[in-house]
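Engineer: The following block contains a protein sequence and its predicted model.
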Amino acid sequence: MKKQTRKPMVLAAALILGMTVFAPIQAGAAEAVKEEVYEMELEQQQIKGKVMFHFDYELHMIGEDGKQYRISLHDFTDEQIEGMGLEEDADIVVKGTILESEAFFNSFEAYKRLLPEDITEEDLAKIEGLYKELKEVEKGFNPEVDEEAEAGEEGREAKKLDEEKWTCMLGIGTISCVTSNLDEEDRDEYEKIWDAYVKIGDEIYDILEPYLPEEDPATFEEYMSFFGDALQEEVSAEELEELQALYEEYLKLREKNEDDLAFEKLDEFHDILNPYMNNHSVQSFEEFLEMIELDISDEDKKTLEKLYEDVRAAEEAAENEEDWDLVHEKWQLVYEMLDPYYLEEFVSRPFSEVVADFEFEISEEDLTDLASIFEEIKELVVNKNYDAADEIRSDFYDILSPYFEDSDQKTPFKAQHIEINGKEFKVGAEQMKRRKRLKK
């Protein structure tokens, strides 16, 4: 499949669109966005709890009631949000209204908060039309599953594979990219959707570009610093000269507004750097060991290193679907060797400590069943019967699965008043005035 050349202006458009656009691809939010009032007809409510994390104009928190909340901060100013100091685990009180659904966070009303305050009504209308087109195209990343079929086990499995397939295409997945068995037809379909997606992103960027603050472009030295010292040390002196010449040509062409030619030069620049980038993106065996954090014996470590190097060699040589199936098989050998160590680690702590890690309350009946299964696993691991222990461990997580699903559910909420770090922040008249202008 021919790769889509993504120009910097396309990437800039993606940044402007932000998480509002890209998050639904991962979250599966193919739900149609309703252009209507999102707040339920309820009196203002209050939530007390702790901050989990926040980005842009969203705050995620866990309430004292044990529920998770997805809070809209869209009506607060940037200065107010910065002044809140929304650090993880900070105590917080939020007052506002429950939203009808999470669709608000994927709506144009929420997206408008990212736009410049001085945008004209005409440009706002153009962007709204393009944004709606973008949402229609985005549905292609989330093929809908028939509700009746989805209710059965086969339907759920088909939906899971479909989600894995599209996630893989977006470069988000890892092993799932191999197991989803992409065919040429799927790849062609993805390319068409992605091309349409990028085209609309470019159009939105073209409208917004005049509003963006002018910045001096990065110098060659500044641009190279993004790639790190280790990579720069590997590049030869001749290649470094060639890179500098290409980058300076790129800057001159950008100055003349000859963007297409400029980005061709930048592509040549990256063609020289890509082989070095690939070398640095591959995780070494030592880094892999640090990541998995298991106390592996010296003897097994030697065997594991050989398996790991086989995987990396197969990945480097892979060119087609069959090659990637082989990569998957080699990864399976790695994880089969690691599984006994994971099982040993699993039973190394008391059962009470294991369940204390979960951020949800488990019923007494399920706790009893889990404790019994845990003891069975422990006995099997002590006797080195790892295959049987692995099967029973699946039963352990089958009991927990509904709890994990419930814990992922977040109540959508629009904040109007926040108390945190001894300070109060309220939505003022000016913010509401701007909101009303953007609602027109």
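Structural biologist: Cool, the structure landed.

Engineer: Break the chain into its domains for me.
Structural biologist: Using automatic domain parsing, the domain parsing of the chain gives 8-17+119-210, 45-112+409-439, 212-281, 285-344, 347-408.

Engineer: Wasn't residue 97 part of a strand?
Structural biologist: Yes: with DSSP: H, G, I helix; E, B strand; the rest coil as the criterion, residue 97 is located in a strand.

Engineer: what's across from it in the sheet?
Structural biologist: Taking DSSP bridges as the rule, residue 97 bridges to residue 414.

Engineer: wait, it sits on residue 45?
Structural biologist: Yes: taking contacts as Cβ atoms under 8 Å, residue 97 lies within contact range of residue 45: 6.7 Å. Bear in mind the C-beta positions are built from the backbone N, C-alpha and C, glycine included.

Engineer: could the domains of the chain go into a markdown table alongside mean pLDDT?
Structural biologist: Output for the domains of the chain, formatted as a markdown table (pLDDT from 0 to 100):
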| stretch | mean pLDDT |
| --- | --- |
| domain 8-17+119-210 | 64 |
| domain 45-112+409-439 | 86 |
| domain 212-281 | 84 |
| domain 285-344 | 87 |
| domain 347-408 | 90 |
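
Engineer: For the ones you listed, please prepare JSON lines with the additional fields mean neighbour count.
Structural biologist: As requested, the domains of the chain are exported to JSON lines (neighbours: other Cβ atoms under 10 Å):
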{"stretch": "domain 8-17+119-210", "mean neighbour count": "15"}
{"stretch": "domain 45-112+409-439", "mean neighbour count": "16"}
{"stretch": "domain 212-281", "mean neighbour count": "13"}
{"stretch": "domain 285-344", "mean neighbour count": "14"}
{"stretch": "domain 347-408", "mean neighbour count": "14"}
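
Engineer: how much space between residue 331 and residue 303?
Structural biologist: Going from residue 331 to residue 303 by Cβ to Cβ, to the nearest Å gives 15 Å.

Engineer: so what sits against both of residue 97 and residue 45?
Structural biologist: Common contacts of residue 97 and residue 45, defined by Cβ atoms under 8 Å, 6 or more residues apart in numbering, comprise residue 413.

Engineer: Do you have the strands of the chain handy? List them.
Structural biologist: For the chain, the strands defined by DSSP state E occupy 45-55, 58-63, 68-72, 91-98, 410-420, 423-426.

Engineer: Of those, which is nearest residue 326?
Structural biologist: Nearest of those to residue 326, taken as Cβ to Cβ: strand 45-55 at 38.7 Å.

Engineer: Okay, angle between that closest one and strand 410-420 too, please.
Structural biologist: Interaxial angle, strand 45-55 versus strand 410-420 (axes from the mean of the first three to the mean of the last three Cα atoms, to 10 degrees): 90 degrees.

Engineer: Tell me which other helices or strands strand 45-55 touches.
Structural biologist: strand 58-63, strand 68-72, strand 91-98, strand 410-420 (3 or more Cβ pairs under 8 Å, 6 or more residues apart in numbering; DSSP states H and E).

Engineer: Nearest to residue 234 among those strands would be which one?
Structural biologist: strand 58-63 (40.0 Å).

Engineer: what about the closest one, distance to the chain center?
Structural biologist: Centre-to-centre, strand 58-63 and its host chain are 17 Å apart (Cα atoms, centre = their mean, to the nearest Å).

Engineer: Any figure for the gap between residue 45 and residue 116?
Structural biologist: Counting by Cβ to Cβ - residue 45 and residue 116 are separated by 32 Å.

Engineer: And residue 90, its phi and psi?
Structural biologist: Main-chain dihedrals, residue 90, degrees, to the nearest 10: phi -70, psi 140.

Engineer: I'd like to know how far it sits from residue 419.
Structural biologist: In terms of Cβ to Cβ, residue 90 sits 11 Å off from residue 419.

Engineer: got it, and residue 114?
Structural biologist: For residue 114, the distance to residue 419 - Cβ to Cβ - is 26 Å.

Engineer: Then residue 231?
Structural biologist: Separation of residue 231 from residue 419 (Cβ to Cβ): 47 Å.

Engineer: hmm, who's touching stretch 71-83?
Structural biologist: 54, 57-61, 94, 96, 99, 104-105, 109-110, 113, 412-416, 418, 423, 425, 427, 431-432, 435.

Engineer: rerun at 6 Å
Structural biologist: With contacts defined as Cβ atoms under 6 Å, 6 or more residues apart in numbering, stretch 71-83 is touched by 57, 59, 94, 110, 113, 413-415, 425, 427, 431.

Engineer: Pick out the most distant pair among those.
Structural biologist: Spanning the widest gap among the contacts of stretch 71-83 are 110 and 425, at 19.0 Å by Cβ to Cβ.

Engineer: Need the distance between the two termini of stretch 52-70.
Structural biologist: 10 Å (Cα to Cα, to the nearest Å).

Engineer: quick one, what contacts the nearest residue to residue 266 once chain neighbours are set aside?
Structural biologist: Computed as Cβ to Cβ, 6 or more residues apart in numbering, the closest residue to residue 266 that is not its neighbour in sequence is residue 250, at 5.0 Å. Contact analysis of residue 250 by Cβ under 6 Å, 6+ apart lists 262, 265-266.

Engineer: Mind jotting down where the helices sit in the stretch 251-400 of the chain?
Structural biologist: For the stretch 251-400 of the chain, applying DSSP state H, counting those that start in this stretch gives helices covering 259-281, 285-292, 298-317, 321-346, 351-356, 364-382, 386-408.

Engineer: Can you add distance to residue 65 and give the ones you listed back as a markdown table?
Structural biologist: As requested, the helices of the stretch 251-400 of the chain are exported to a markdown table (distance: least, Cβ to Cβ, whole Å):
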| stretch | distance to residue 65 |
| --- | --- |
| helix 259-281 | 43 |
| helix 285-292 | 36 |
| helix 298-317 | 45 |
| helix 321-346 | 31 |
| helix 351-356 | 19 |
| helix 364-382 | 20 |
| helix 386-408 | 13 |
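
Engineer: Of all these, which one comes closest to residue 211?
Structural biologist: helix 259-281 (18.2 Å).

Engineer: so what secondary structure elements neighbour the closest one?
Structural biologist: Counting contacts by 3 or more Cβ pairs under 6 Å, 6 or more residues apart in numbering; DSSP states H and E, helix 259-281 packs against helix 229-234, helix 237-255.
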